[in-house]
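> Okay, predicted coordinates and the sequence, questions at the end:
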Amino acid sequence: MLFRSDNVTAVCPEVIAAILAVNEGDAAPYGADAVTARLDEAFGRYFETPVHVHPVATGIAANALSLAAAMPPPGAAICHAGAHVNTSESGAPEFFSGGGKLITLDGAHGKLDPAAIERLLAALPPDRLQSAPPTVVTITQGTEAGTVYPLDRIAAIAAICRARGLVLHMDGARFENARARLGCTPAALSWRAGVDILSYGATKNGAMCADAVVIFRDSPHAERLNRFMGQRRLRAGQVFSKMRYLSAQLLAMVEDGVAARNAAHANAMAARLSAGLAALPGVRLVHPTEINEVFVLMPEDVRARLAAGGFPVRARPEDPDLVRFVTAWNTRAQDVEAFLAATGGAAAAAA
């Protein structure tokens, strides 16, 4: 499991403590409890603007419900071809939106190009009965390639959305890793750049099973998005009887600096791993390492030698030599160094 994913880790101690702290007595069900009631205010302070917060158990639920809210029939969403919503969610956005369409674009290192979005929109006849009209653009921050969108690129995409009345959604499964890389505030990375609705990821960053849909109330789309979210979240099985346990995890992440510390550590471990791997013969970085994901081309004989030495490495399905390594909040520096030493030996033997 070494460096396989940030989904395989234990829960960070601050989140465990927060869960235990609310595990006393009875509380109102289905989000009517006092802990959940704090979410809007706490996230509002974190993002420096009024928000609506809807806790969910998974990032896929956050994405699917966000996009369903943003593309009611017959709407469509523009996304990167490699976006998680397109490749790894089993059609959840399409299902929950009642048949919404994903329109994909390529882009270097996992990022959409504003000019490509403009060209696509200009080429789509606005009143053509046979076409699903785009109603939302969704971007992933940090991306599925382990890179980040600069703030000015997000703002450029947001400007296109505002000019055409589209919603801008951000898949923030690794929002905090991107923020650590850019050195900016949560506000700067979201609504100040023009984001209307955010899938905020906590699970990959040390929570147990808690993500959230965050709707920025100053968005021109906020009322409609929020009105949609309540009943659809219930229909999707995402309104939990004991919601306080999800809400406590989210509060722990944003109130005590846990999210920022965890993400910064994961990024630092990835940077060391990336630098070490890039220096080895036969191993080549595919994308810049900007968050906690490292993508390299690693020959099969190197991977086989690593597996024989107790370090199993899985190739990605899109390329037999492409490998992704992911660090996390609890990655130990000594494990990174041990893996680099083993990989160095395997690469030298295979050279």
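Alright, I've got the coordinates.
> how close does Arg217 get to Ile197?
11 Å (Cβ to Cβ, to the nearest Å). Bear in mind the C-beta positions are built from the backbone N, C-alpha and C, glycine included.
> The two: who's more crowded?
When Arg217 and Ile197 are compared on other Cβ atoms under 10 Å, the one with more neighbours turns out to be Ile197, at 31 against 15.
> hang on, that one packs against Asp171?
No: at 10.3 Å, Ile197 does not count as touching Asp171 under the criterion of Cβ atoms under 8 Å.
> Could you give the average pLDDT over the helix or strand harbouring Asn267?
Assigned by DSSP states H and E, Asn267 belongs to helix 258-278. What helix 258-278 shows for mean pLDDT is 98.
> which other helices and strands contact it?
For helix 258-278, the elements it packs on are helix 175-182, strand 284-285, strand 293-297, strand 322-326, helix 333-350, judged by 3 or more Cβ pairs under 8 Å, 6 or more residues apart in numbering; DSSP states H and E.
> As TSV, the ones you listed with mean pLDDT would be great.
Below are the helices and strands packed on helix 258-278 laid out as TSV (pLDDT from 0 to 100):
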stretch	mean pLDDT
helix 175-182	98
strand 284-285	96
strand 293-297	98
strand 322-326	97
helix 333-350	94
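> Can you tell me which of the ones you listed is most buried?
Most buried of the helices and strands packed on helix 258-278, by mean neighbour count (mean count of other Cβ atoms under 10 Å): helix 175-182, with a mean of 26.
> Identify all contacting residues around that helix.
141-142, 148-151, 172, 185-186, 188-190, 198, 200-201, 205, 259-260, 262-264, 266-267, 290-292 (Cβ atoms under 8 Å, 6 or more residues apart in numbering).
> Could you tell me which of the residues you listed count as buried?
141-142, 148-149, 172, 186, 188-190, 198, 200-201, 205, 259-260, 262-264, 266-267, 290-292 (16 or more other Cβ atoms under 10 Å).
> Tell me where the protein has strands.
When secondary structure is read from DSSP state E, the chain shows strands at 51-56, 76-80, 101-105, 134-140, 167-172, 197-201, 211-216, 284-285, 293-297, 322-326.
> quick check: angle from the helix holding Asn267 to strand 197-201?
Calculated by axes from the mean of the first three to the mean of the last three Cα atoms, to 10 degrees, helix 258-278 forms an angle of 70 degrees with strand 197-201.
> relative to strand 322-326, how tilted is helix 258-278?
On the basis of the same axes, to 10 degrees, helix 258-278 is oriented at 140 degrees to strand 322-326.
> Now find how far off-centre helix 258-278 is within its chain.
16 Å (Cα atoms, centre = their mean, to the nearest Å).
> Then stretch 285-298?
Computed by Cα atoms, centre = their mean, the chain-centroid distance of stretch 285-298 equals 17 Å.
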